[in-house]
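# build me a structure from this.
(chains A and B)
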Amino acid sequence: MFGCGKFDEITMLMYIEQIAGDKIDKNADAQMESHLMECDLCMKEVAEMTRIEAMVDGGEAVKIPAIRSVFVSLKNGIIDKFSSVAIQAGMVKALETRSAETWGTEQYLELIAQTPPARIRIIPVNNEKVWISIDSDELHGKYIELKKFSGNETAPAYYKRANSRSLTIKGISEGKYELRFGDNRIKINIKSY
Amino acid sequence: MELNDIRIKSIIRDYSDEISDKEALINLFRKETELYIYNFPRLAYGKNPDFCADFYLYVLDRLEGIIRNYPIGEDLKFKTWFNYVLKNQMINFYYYQTKDETKEIPLDGLEEQFCVEILGTEEAEIDEVKEGLLRLPEIDKIVLKLYYMPEMVDFHEIRTAATHFKFSVGEILVIRRNLILANLAEIRRIREISEKLSEINRKICEVKYALYKNQALDIKSKNDYLVKLARMEGSRFKLLNRLKIPEKRIFDEFVNLFRNIRKAHYCLNIAKKKLKFEILRIIKSKEEGK
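The predicted structure is shown next:
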């Protein structure tokens, strides 16, 4: 519903389009004009929409950076969906299934990092927690940092020097994180439903 | 920033066909709109790249619903409808991120430009400028906001302006829109000149350094360097002058409000003087309070 709902969305958007095209017809829009003078809801919405239209119209687009981020949505203890942007950025390799015996879970999401090359797995443990496992030939001796953005945490959720080619960070609850090792900066957003 | 209206509408039309490859069409739709979606929070609300990236991901997950809801039979530009959809998605996303139910999305980074532009100085804080504006008569406040920050003019002020200047609300909205576009063009112009200036400054430094470093150069080479330097200094001077002269377009649009150039000049200057006076009073009372 647009504003108070007296005029339908299409009528209101047509009016906004007239403003954008500088084609205001005082007589034809008399009813709209008098309504806008009276109704705060509609007036506020029209003013905001015309502002947005002008700002976006007059602004210059910037290129989308290579977004190294993945959104993981958990439902009933499994990965229900994940962000498609990660696939476009060549980041998500596959949503594979492994046997319960090997991993203690049925499913994981595999991400591919480049600098240094690494395989990152997000493994759901239950509906609220995931494990993040990192495998890389160049991992040994590197600092691994997992920083949480949401909440008031100041210290990283995980910060340790790797002493082997692989490590697993356990007990990661929902929230926004940044995983850092080497030059890799990967945002991981975990949400459970 | 533009969208290909014909192409997007054709994709949506194909999508509504039962036997179409929905996934391929969503991908095509994404390709046509992704730059627009990513830049929307930055251009409309002054949000930072991190926010833009998060919002982009948020909207991508909802593209299918957006396509399905477009009223394809209506004679409405896709862009107009898409702005409305993205604005609503911004409200949902902002609520989802901040859990703030007021649903007012702040315009980040836009207010700060205000004091420098009106007063020509960064001395006054934005709070002092805001307080000063509140102390001004309503029309002076609107005149200043329309000229310097038309995007900050709220709907009450639009109504007041319509009544005071004897225009319809629609006409005031058109004037505000043109002023926003003129302001954005001016910001772009200043940015371009500044970039050229920094490039020339860099080159001047290089030539000066070369002259200083190679003192054993023969007189002809030194002269060549000096001629080059003089040309560059000339270009820099011209650029600096262009920077000092404000773009006429903003004032041309502003005059439409008064239908009279002299009156527009007079009202703008009076409003500026009143604001400066109020800000000085605020600063003084703060100093006395200490």
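# what stretches of the stretch 1-150 of chain B score poorly on pLDDT?
B:100-103, B:108-124 (pLDDT under 70).
# what do you get if the cut-off is 50, keeping everything else the same?
The stretch 1-150 of chain B contains residues with pLDDT under 50 at B:115-116.
# near chain A, which residues of it are found?
Residues of the stretch 1-150 of chain B that fall close to chain A, judged by C-beta under 8 Å from any C-beta of the partner chain: B:1, B:34-36, B:38-40, B:42-44, B:49, B:53-54, B:56-57, B:60-61, B:71, B:74-77, B:80-81, B:83-84, B:87. Every C-beta, even on glycine, is put in place using the N, C-alpha and C of the backbone.
# how's chain B carved up into domains?
For chain B, automatic domain parsing gives the domain ranges B:5-109, B:123-289.
# which residues touch the longest helix along chain A?
Counting by DSSP state H, the longest helix found in chain A is helix A:40-58. Helix A:40-58 has contacts (C-beta atoms under 8 Å, 6 or more residues apart in numbering or on different chains) with A:2-4, A:6-7, A:12-13, A:15-16, A:19-20, A:35-37, B:1, B:36, B:39-40, B:43-44, B:80, B:83-84, B:87, B:151, B:153-155, B:158-159, B:169, B:173, B:176-177, B:180-181, B:184-185.
# assign B:Arg188 to helix, strand or coil.
helix (DSSP: H, G, I helix; E, B strand; the rest coil).
# these two touch, right, it and B:Leu181?
No. Counting by C-beta atoms under 8 Å, B:Arg188 sits too far from B:Leu181 to count as a contact (10.6 Å).
# okay, those two: which has more neighbours?
Shown here are B:Arg188 and B:Leu181; by other C-beta atoms under 10 Å in any protein chain shown, B:Leu181 has more neighbours (19 against 14).
# now the most centrally placed residue in chain B, nearest residue through space, not along the chain?
Taking C-alpha atoms, centre = their mean, the centroid of chain B lies closest to B:Leu184, which sits 4.6 Å from it. Nearest non-adjacent residue to B:Leu184, counting by C-beta to C-beta, 6 or more residues apart in numbering or on different chains: A:Gly58, 3.6 Å away.
# can you get me a residue count around the one you found?
20.
# let me see the contact set for B:Ala161.
Residues counted as contacts of B:Ala161 (C-beta under 8 Å, 6+ apart) are B:Ile139, B:Ile142, B:Leu146, B:Val153, B:Phe167, B:Ile172, B:Leu257.
# so where does it fall, helix or strand?
Per DSSP states H and E: B:Ala161 is located in helix B:155-164.
# what is the nearest of the contacts of B:Ala161 to chain A?
B:Val153 (7.8 Å; C-beta to the nearest C-beta).
# remind me, longest strand of chain A?
strand A:184-192 (DSSP state E).
# just the buried positions in that one, please.
A:Asn184, A:Ile186, A:Lys187, A:Ile188, A:Asn189, A:Ile190, A:Ser192 (16 or more other C-beta atoms under 10 Å in any protein chain shown).
# direction included, what does that strand pair against?
Partner strands and pairing direction for strand A:184-192 (DSSP bridges) are strand A:69-75 (parallel), strand A:175-181 (antiparallel).
# the ones you listed into JSON lines, with extra columns for mean pLDDT?
Shown next, in JSON lines, are these (pLDDT from 0 to 100):
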{"stretch": "strand A:69-75", "mean pLDDT": "79"}
{"stretch": "strand A:175-181", "mean pLDDT": "86"}
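# which stretch among the ones you listed comes nearest B:Tyr212?
Using C-beta to C-beta as the measure, strand A:175-181 is the one of the strands paired with strand A:184-192 that comes nearest B:Tyr212, at 43.9 Å.
# residues making contact with the closest one?
The contact list for strand A:175-181, computed with C-beta under 8 Å, 6+ apart, reads A:113, A:116, A:118, A:120, A:132, A:134, A:139, A:142-151, A:157, A:162, A:185-190.
# now the buried members of those residues.
By neighbour count, with 16+ other C-beta under 10 Å, these hold A:113, A:118, A:120, A:132, A:134, A:139, A:142, A:144-148, A:157, A:162, A:186-190 as buried.
# so which of these belong to strands?
Using DSSP E, the buried ones among the contacts of strand A:175-181 in strands are A:113, A:118, A:120, A:132, A:134, A:144-148, A:186-190.
# just to be sure, the residue nearest to the centre of chain B is in a strand?
No. Applying three-state DSSP, one finds B:Leu184 to be helix, outside a strand.
# that one reaches A:Gly59, doesn't it?
Yes. Counting by C-beta under 8 Å, B:Leu184 does reach A:Gly59; the two are 6.2 Å apart.
# now the longest helix of chain A, how far from the centre of its chain.
Here helix A:40-58 is found 26 Å from its chain centre; the criterion is C-alpha atoms, centre = their mean, to the nearest Å.
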